[in-house]
Every structure is written in C-alpha cells, then in structure tokens.
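A.B. asks: model the following, please.
(one chain, ligands or ions: 1)
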Amino acid sequence: MTSNAVTGPNSNPHTNAKKRSARPSAFKLLARNQLALMGAVILVLVVLIVIITPILPLPDPDATDPAQRLLRPLADGHFLGTDHLGRDLLSRLIWGTRVSLAVGISASLVAALFGSAIGIVSGYFGGRTDNIMMRGIDMLMAFPYILLALAIVAALGPGLMNALYAIAVVNIPFFARNIRGVTVGIAHREFVDAAKLSGKGHVRIILTEILPNVMPVIVITISTTVGWMILETAGLSFLGLGAQPPQADLGSMLGEGRKLITTAMHLSAIPGAMIFVLVMSINLLGDGIRDVLDPRLKSGALARPAPLTRIDRTDEGAGTTYPDDTILAVDELRTEFVLGDDSYKAVGGVSFHVGKNECVGLVGESGSGKSVTALSLLGLVASPPGTIVGGRVMFDGKDVYGMSEDDVRDIRGGKAAYVFQDPLSTLHPLFSIGDQLVEAIRAHNAVSYKDAWAKAVELLGMVRIPNPQSRADNYPHQLSGGMRQRVGIAMALANEPRLIIADEPTTALDVTVQAQILKLMNNLRNDHGTSVLFITHDFGVVSEICDRVAVMYAGRIVEMGTTEQVLHHPAHPYTKRLIDCVPRLGEPDRRTSAIPGLPPAVNNLPAGCAFADRCDRVEDACRVGSIAFDDLGEGHGVRCIKPMEGADV
Ligand SMILES: Nc1ncnc2c1ncn2[C@@H]1O[C@H](COP(=O)(O)OP(=O)(O)OP(=O)(O)O)[C@@H](O)[C@H]1O
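C.D. replies: Got it, this is the predicted structure:
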C-alpha cells in the first residue's frame with residue numbers, strides 16, 4: 001500500500017473520458033475463460049474436420065485388406081495403423097467421430113425440444129396438467145436410464161437411429177424436470193400476470209414471456225448434456241446396439257478394439273482418447289457458455305463472497321481530522337466493481353463523519369453510490385466483484401480496514417448495526433422472529449436461550465410491536481411490512497449498538513407507517529444515545545430525522561452541511577434540483593420539476609463535474625480537471641466551482 005499514488009476516479013478525469021462498453025461481448029467473456037476457450041478451439045477443430053470429411057483424401061473406412069491387418073500407428077500409408085480387418089484407423093476414427101457427434105447432438109436437440117416443451121407446459125399451467133405430465137416423467141425416471149435405453153433399443157431393434165431415439169427418450173425427463181422448475185418460478189411473476197391482463201393468449205405468453213426467460217437454461221442444459229449423450233451413444237454402440245458393422249462410430253470402434261486389447265492396444269486407446277477429448281472439450285465449453293449466459297456468475301454475485309470486502313488500497317485517505325466525539329469517520333473512501341476490463345467507480349472518494357448521538361443523512365438519486373458506501377463501511381460489499389481501492393474508515397477510533405476479520409465481525413451487529421430497506425429479504429422465512437432475535441443476541445453475548453428470549457420480547461416491545469410475547473412466535477410472513485421493519489430495527493438494537501446504518505428503511509412503507517418508523521428511530525436515538533447514518537433519496541425524510549446531510553452524486557459527495565443549510569440554502573445546483581422534485585403540502589401551485597437527463601455511468605465518468613451535462617448553470621470550466629470540495633464555513637461545503645450563494649428554498 002502506498003499513500004501517494006492516488007488514482008481516484010476524479011484525480012485524472014481526462015483518462016475517464018475514454019468510452020467503454022457497459023458489458024463486454026459474450027465472445028469476449030468466453031475468450032477470457034481459458035479452459036472454455038481451449039474446449040471451444042478443440043471442438044471447432046473437430047467439427048471442421050468432420051464437416052469436410054467427405055472431401056478429405058482418406059481411404060474408404062470400410063474397405064478391408066487382410067494383408068495389412070493390425071498395423072501399428074505411423075505405419076506406411078496408415079498414420080494411425082489398421083484394425084483386425086486391415087481397415088485404415090485414421091479414416092474410421094474421423095468418420096466414426098462424425099457419426100458419434102451427429103448422433104449425440106441430434107439426441108440432445110430432440111431431448112431438449114420435447115423435454116423443454118413438457119417442462120414449460122407443465123410449469124406454466126400447473127394443476128392437473130402438471131400432475132399428469134410429471135407423473136409420466138416420474139415413471140420414466142423410475143427406471144435406471146441405461147436399462148431403459150437398452151430396453152428401448154431391444155424393442156426397436158439395434159441400429160444407430162434407434163440408439164438416437166433411446167438416448168433422446170431417456171434424457172427427456174432431465175430437461176422436463178429442469179425446465180419445469182424454472183418455469184414454475186417465472187409463471188407467477190408480475191410481468192406474466194401483466195401479459196395475461198393485457199389479453200395475451202397462453203401460446204403467446206409462453207412464446208414471448210416464458211420461453212425467452214427459460215432459453216438460457218435450455219441452452220446451458222444442452223451444452224452440459226451433449227457430451228454425456230455422446231458417451232451414452234458410444235455406450236450403446238460399444239454393446240453392439242448402436243452403429244452396426246461395417247459402419248464405424250466411436251463406441252463400436254471401442255467395442256471392437258476391446259477384444260484385442262492385449263495384442264493391439266491402439267485399437268481401443270485411439271477411439272477412447274477421442275471420446276475423452278470430445279466430451280471434455282464439450283463440457284469445458286458448456287461450463288463457459290453457462291458463465292457467459294448468467295451474468296451473475298461472471299460478476300461473482302453467485303460466487304461465495306469473501307467474509308470481508310477485498311481491500312487493495314492505493315491510499316489510506318487524506319488524513320483528515322474529525323471532532324473528538326466522532327463515532328464514524330470516513331476519509332476519501334473509494335470502492336470499485338471490476339468486471340473484466342471495466343471498473344465501476346461506485347464510490348469515488350467519499351468523506352464524512354457521524355458524531356455521537358448524531359443522525360447524518362446520505363441523500364442522492366438511485367445509483368449515486370449510497371448503498372455501496374454504507375456496505376463498504378464494515379466490509380460488506382461482495383467480493384468479487386467489489387474492492388475497496390482507497391481511503392480509510394475509522395469506527396470508534398479504530399481503523400476498520402486494518403482490523404482482523406474476527407474484529408470486524410464483532411462490530412457488525414454488535415457496536416454497529418444495519419437496517420435494510422426490505423426486511424422480508426433479510427429475515428429468515430423459516431425461523432420465528434423471536435428465534436432470529438435470540439440468534440442476534442447470542443451471537444454477541446454469552447447468555448442462555450431463556451434470557452435471550454426475554455430480551456427478544458423486550459426488544460419487540462421497545463419497537464412498539466403489540467403483544468410482543470405472542471408475536472415473538474410469529475414468522476416474518478405473518479407480519480405486516482411496517483411490523484417487519486420494526487423487527488428489523490429491533491434486530492439492529494439487539495446489542496445496544498453505538499451506530500445504526502439504516503439503508504432506506506422507510507422507502508417500502510406507506511407514509512403513515514413511514515412516519516411511525518421515523519418517530520420510533522428518533523425516540524430510540526434520543527433514549528439510547530445511538531448515532532444514525534440514514535440513507536434515503538427523500539428530502540422529506542431527511543428534514544424529519546437528520547441533523548446533518550451529505551448529498552451524493554455519481555459516487556461523490558457534492559454538498560454537505562446541517563439539514564437547515566442544505567435544505568434551505570442549497571449551494572449545489574444538484575441539491576437544489578433534488579429539493580425542487582419534492583412536492584410540499586399546502587403549496588398546490590408550486591411546480592415540481594424532474595431533473596433532465598440521467599446520471600453518468602460510473603464506469604465512464606466525464607472529466608470535471610459529473611453533473612455538468614444536466615446543470616443549467618454549466619460553463620466550460622466545469623468540464624475540466626477535478627472539482628474540489630470547498631468549505632463555505634460553519635460546516636457547510638460544496639463541490640461546485642459556481643455555488644449558488646444564498647439560494648433560499
Ligand atoms: N455488484 C455490482 N456490480 C457492479 N456494479 C454495481 C454492483 N453493485 C452496485 N453497483 C453499481 O454501483 C453504483 C452505486 O450503486 P448503489 O446501490 O450504491 O446506489 P444507491 O445510491 O444506493 O441506489 P439505490 O437508491 O437505487 O439503492 C451503481 O452504478 C451500481 O450500478
């Protein structure tokens with residue numbers, strides 16, 4: 001770590017002007033996965049060779065020549081040698097691979113077509129249709145699949161086409177079950193309901209709403225099963241039920257070679273190696289395709305995140321000093337998401353502090369970096385893809401990024417607690433709220449279950465949940481949204497935190513419940529001396545609860561001051577426009593106006609002021625260099641070269 005090599009997003013804005021695509025192309029993403037690329041290269045090579053097989057100067061694969069039997073590889077005129085009938089092995093291998101690939105891919109497509117159709121219909125209609133179709137599929141699955149395949153070929157008679165049908169049929173249940181599961185999850189989503197309400201018929205809904213959403217899963221399933229189907233086809237041919245003599249496929253070649261394995265090992269080793277290479281390359285490519293089609297895998301969202309955000313700092317803040325009673329000090333914090341060659345500078349040098357028993361609001365439009373700032377404070381940004389690339393966070397006088405994992409974990413839910421916007425997604429659906437509170441209490445205190453339960457009930461009472469004793473046995477789905485948020489707050493209060501970080505805790509609630517929750521938080525703050533970092537996009541909420549407020553835009557704080565200063569005398573044009581968006585009670589004639597344009601993408605920030613393109617006071621100087629955060633006195637500061645002095649709102 002060095003302290004001088006600051007490469008923050010705005011330290012050299014000229015470099016940021018470079019245009020970059022939001023997301024690399026699918027091909028680029030695939031090419032980055034070296035194993036998948038290797039698989040793709042091998043597979044393309046094999047496919048090219050089998051496509052041009054008829055025009056290759058190869059001897060007839062079925063022409064026998066007893067005088068030339070069992071020649072070793074590299075023999076004259078026979079690069080891979082000959083088999084027990086003197087047939088050229090290279091020619092048989094290439095023709096055999098062509099047959100195996102064609103049968104394997106065709107079987108996959110047939111299984112995918114029928115299996116997916118069954119899965120979609122069954123998952124979409126549900127009820128009796130689902131029951132009948134799935135019981136049929138269960139019956140197919142009740143037999144060991146290879147026995148079933150053998151039985152089908154035995155009934156239809158040996159032959160390649162019959163092997164193809166058998167392999168396709170035994171794989172239909174696999175597709176049907178997979179796709180049904182995905183369809184059930186989609187069939188009741190709001191966009192499907194909206195399509196139904198708009199009068200679309202079932203067939204159109206399936207084709208336009210369901211199919212595009214399950215298509216990636218179908219493609220992924222095909223790509224991961226085609227190798228398996230080639231193996232199964234080879235297995236049937238190996239047993240003499242697939243390709244019939246003299247036709248070669250990889251399985252039948254292996255079967256013939258097996259009889260002479262001790263005298264001419266190459267007869268089985270060569271087709272065996274080809275099956276291995278083919279199946280491996282298809283599987284590697286399949287895995288790569290799966291990663292490309294699921295952006296969450298590529299971004300690391302589905303990977304197991306590290307317990308602490310990755311810290312790779314080029315600086316440790318500007319060394320700013322803060323008042324003595326500061327509980328949280330954030331100094332030039334920078335957090336980035338690295339996706340391939342793109343880095344998303346979600347937090348680009350943020351500094352603020354929260355004093356004891358103080359409530360500081362963090363306000364800004366959606367995407368301005370409020371949540372990432374809040375999560376970065378205690379290393380909760382998922383890594384990958386998030387990295388803290390600069391700055392320092394001091395909590396209660398200690399450097400958070402210099403602490404051990406255990407120490408940070410101790411602070412989380414202990415001295416500092418989070419309250420999130422949607423408590424339904426943070427509360428466990430299968431445990432009662434009492435049990436979840438008990439768990440939160442016992443994670444930081446060595447108390448008995450009974451004592452923790454009593455404390456849990458007390459906490460529920462404290463956040464004004466009626467009948468806390470009996471409500472403690474309720475599950476999250478049995479509570480209203482407002483009550484769930486109270487439980488979220490009770491959970492945050494469980495260990496008497498010194499700081500509560502509340503990320504839009506009232507956004508999902510109606511105004512009456514919102515007012516109750518704000519009052520509750522204010523009372524708790526005053527009763528317990530807790531500090532609050534309150535994240536919101538609503539200036540109305542700020543005016544009710546915050547002592548000071550910081551306004552964020554494109555990952556940076558553009559204005560900061562007391563609530564009175566920022567709300568009534570905004571200095572930054574952005575703050576003024578944000579305030580103008582809020583309707584006021586009792587002022588029906590006041591015009592509210594939306595801010596034109598959109599915030600810049602954080603992977604492509606412009607030089608100078610990030611708000612310049614949307615600002616009606618912009619001048620040339622706004623688009624040059626880095627805009628400093630100027631002190632306007634009395635704790636009021638702004639990042640603007642032309643602040644609005646004395647603007648009265
Ligand atoms: N996992 C991620 N990968 C890539 N970019 C991300 C990720 N999470 C957040 N971002 C980006 O970081 C930026 C800041 O997001 P953040 O969630 O902090 O905004 P916000 O101000 O809290 O918005 P909201 O009010 O909508 O929650 C956004 O541009 C967002 O797209």
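A.B. asks: immediately after the helix or strand where residue 362 lies, which helix or strand?
C.D. replies: Taking DSSP states H and E as the criterion, the element that holds residue 362 is strand 359-363. Using DSSP H and E, the helix or strand that directly follows strand 359-363 along the chain is helix 370-377.
A.B. asks: what about the residue in the stretch 101-250 of the chain that the ligand sits nearest to, how many residues nearby?
C.D. replies: Closest to the ligand within the stretch 101-250 of the chain is residue 190: 18.9 Å, counting by Cβ to the nearest ligand atom. No exception for glycine: its C-beta is placed from N, CA and C like everyone else's. By other Cβ atoms under 10 Å, the residues close to residue 190 number 7.
A.B. asks: backbone dihedrals for it, both of them.
C.D. replies: phi -60, psi -40 (degrees, to the nearest 10).
A.B. asks: quick check: the gap between it and residue 197.
C.D. replies: According to Cβ to Cβ, to the nearest Å, residue 190 and residue 197 sit 10 Å apart.
A.B. asks: same question, residue 130
C.D. replies: 23 Å.
A.B. asks: which one of the two is surrounded by more residues?
C.D. replies: Using other Cβ under 10 Å as the criterion, residue 130 and residue 197 rank with residue 130 on top: 17 against 8.
A.B. asks: quick one: the helices in the stretch 1-150 of the chain?
C.D. replies: Listed in chain order, the helices of the stretch 1-150 of the chain (DSSP state H, counting those that start in this stretch) span 13-16, 26-32, 34-51, 89-125, 127-142, 145-156.
A.B. asks: dump the ones you listed into JSON lines; add mean pLDDT and distance to residue 383 as well.
C.D. replies: Output for the helices of the stretch 1-150 of the chain, formatted as JSON lines (pLDDT from 0 to 100; distance: least, Cβ to Cβ, whole Å):
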{"stretch": "helix 13-16", "mean pLDDT": "40", "distance to residue 383": "23"}
{"stretch": "helix 26-32", "mean pLDDT": "70", "distance to residue 383": "19"}
{"stretch": "helix 34-51", "mean pLDDT": "91", "distance to residue 383": "22"}
{"stretch": "helix 89-125", "mean pLDDT": "94", "distance to residue 383": "35"}
{"stretch": "helix 127-142", "mean pLDDT": "92", "distance to residue 383": "40"}
{"stretch": "helix 145-156", "mean pLDDT": "85", "distance to residue 383": "41"}
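A.B. asks: what's the most buried one of the ones you listed?
C.D. replies: Among those, the stretch with the highest mean neighbour count (mean count of other Cβ atoms under 10 Å) is helix 89-125, at a mean of 22.
A.B. asks: pLDDT weak spots in the protein?
C.D. replies: Within the chain, the set of residues satisfying pLDDT under 70 comprises 1-26, 29, 294-306, 508, 584-592, 646-649.
A.B. asks: spell out which parts of it neighbour the ligand.
C.D. replies: Counting by Cβ under 6 Å from any ligand atom, the chain comes close to the ligand at 299, 337, 344, 346, 364, 366-372, 385, 537, 602.
A.B. asks: which PyMOL command selects the buried ones in these?
C.D. replies: Entered in PyMOL, the line below selects the buried ones among the residues of the chain next to the ligand, by 16 or more other Cβ atoms under 10 Å:
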select buried, resi 299+337+344+346+364+367+368+369+370+371+372+385+537+602
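A.B. asks: how much space between residue 92 and residue 62?
C.D. replies: Distance, residue 92 to residue 62, by Cβ to Cβ: 8 Å.
A.B. asks: which neighbours do those two have in common?
C.D. replies: residue 248 (Cβ atoms under 8 Å, 6 or more residues apart in numbering).
A.B. asks: need the three-state assignment for residue 322.
C.D. replies: coil (DSSP: H, G, I helix; E, B strand; the rest coil).
A.B. asks: show me what contacts it?
C.D. replies: Residue 322 is in contact with 329, 353, 394, counting by Cβ under 8 Å, 6+ apart.
A.B. asks: so the last one touches residue 400, yeah?
C.D. replies: Yes - with contact defined as Cβ atoms under 8 Å, residue 394 and residue 400 form a contacting pair (7.1 Å).
A.B. asks: please identify which helix or strand holds residue 551.
C.D. replies: Element membership of residue 551, judged by DSSP H and E, is strand 548-553.
A.B. asks: for that strand, packing partners?
C.D. replies: When contacts are defined as 3 or more Cβ pairs under 8 Å, 6 or more residues apart in numbering; DSSP states H and E, strand 548-553 packs onto strand 359-363, strand 556-562, helix 563-568, helix 573-580.
A.B. asks: elements contacting the third one?
C.D. replies: What that stands for is helix 563-568. Using 3+ Cβ pairs under 8 Å, 6+ apart, helix 563-568 is in contact with helix 539-545, strand 548-553.
A.B. asks: also the shortest one?
C.D. replies: Applying 3+ Cβ pairs under 8 Å, 6+ apart, we find strand 359-363 packed against strand 342-355, helix 370-377, strand 531-536, helix 539-545, strand 548-553.
A.B. asks: how many residues are close by residue 327?
C.D. replies: 22.
A.B. asks: element containing it, please.
C.D. replies: Using DSSP H and E, residue 327 sits within strand 326-339.
A.B. asks: pop the domain breakdown of the chain in here.
C.D. replies: Per automatic domain parsing, the structural domains of the chain span 33-43+91-298, 416-494.
A.B. asks: would you turn the helices and strands packed on strand 548-553 into JSON lines with mean neighbour count?
C.D. replies: Shown next, in JSON lines, are these (neighbours: other Cβ atoms under 10 Å):
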{"stretch": "strand 359-363", "mean neighbour count": "26"}
{"stretch": "strand 556-562", "mean neighbour count": "25"}
{"stretch": "helix 563-568", "mean neighbour count": "19"}
{"stretch": "helix 573-580", "mean neighbour count": "22"}
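A.B. asks: is it possible to get JSON lines of those that adds distance to residue 466?
C.D. replies: Output for those, formatted as JSON lines (distance: least, Cβ to Cβ, whole Å):
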{"stretch": "strand 359-363", "distance to residue 466": "27"}
{"stretch": "strand 556-562", "distance to residue 466": "37"}
{"stretch": "helix 563-568", "distance to residue 466": "32"}
{"stretch": "helix 573-580", "distance to residue 466": "37"}
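A.B. asks: between those, which gets nearest to residue 30?
C.D. replies: strand 556-562 (35.2 Å; Cβ to Cβ).
A.B. asks: for the stretch 401-550 of the chain, which segments are assigned as strands?
C.D. replies: Per DSSP state E, counting those that start in this stretch, the stretch 401-550 of the chain carries strands over the ranges 416-419, 499-503, 531-536, 548-553.
A.B. asks: list the buried ones in the third one?
C.D. replies: I take that to be strand 531-536. Within strand 531-536, the residues that count as buried by 16+ other Cβ under 10 Å are 531, 532, 533, 534, 535, 536.
A.B. asks: right, and residue 504 touches residue 542 too?
C.D. replies: No - counting by Cβ under 8 Å, residue 504 does not reach residue 542; the two are 12.0 Å apart.
A.B. asks: neighbour-wise, which of these two wins?
C.D. replies: Each of residue 504 and residue 542 has its neighbours counted (other Cβ under 10 Å); residue 542 has more, 24 against 19.
A.B. asks: how about that one: what's its closest non-neighbour residue?
C.D. replies: Leaving aside its chain neighbours, residue 542 sits nearest to residue 361 (4.3 Å; criterion: Cβ to Cβ, 6 or more residues apart in numbering).
A.B. asks: who's the one you found bridged to?
C.D. replies: Beta-bridge partners for residue 361, by DSSP bridges, are residue 534, residue 549.
A.B. asks: list the contacts of the nearest residue to residue 56 once chain neighbours are set aside.
C.D. replies: Computed as Cβ to Cβ, 6+ apart, the closest residue to residue 56 that is not its neighbour in sequence is residue 94, at 7.1 Å. By Cβ under 8 Å, 6+ apart, the contact list for residue 94 reads 49, 50, 53, 56, 58, 61.
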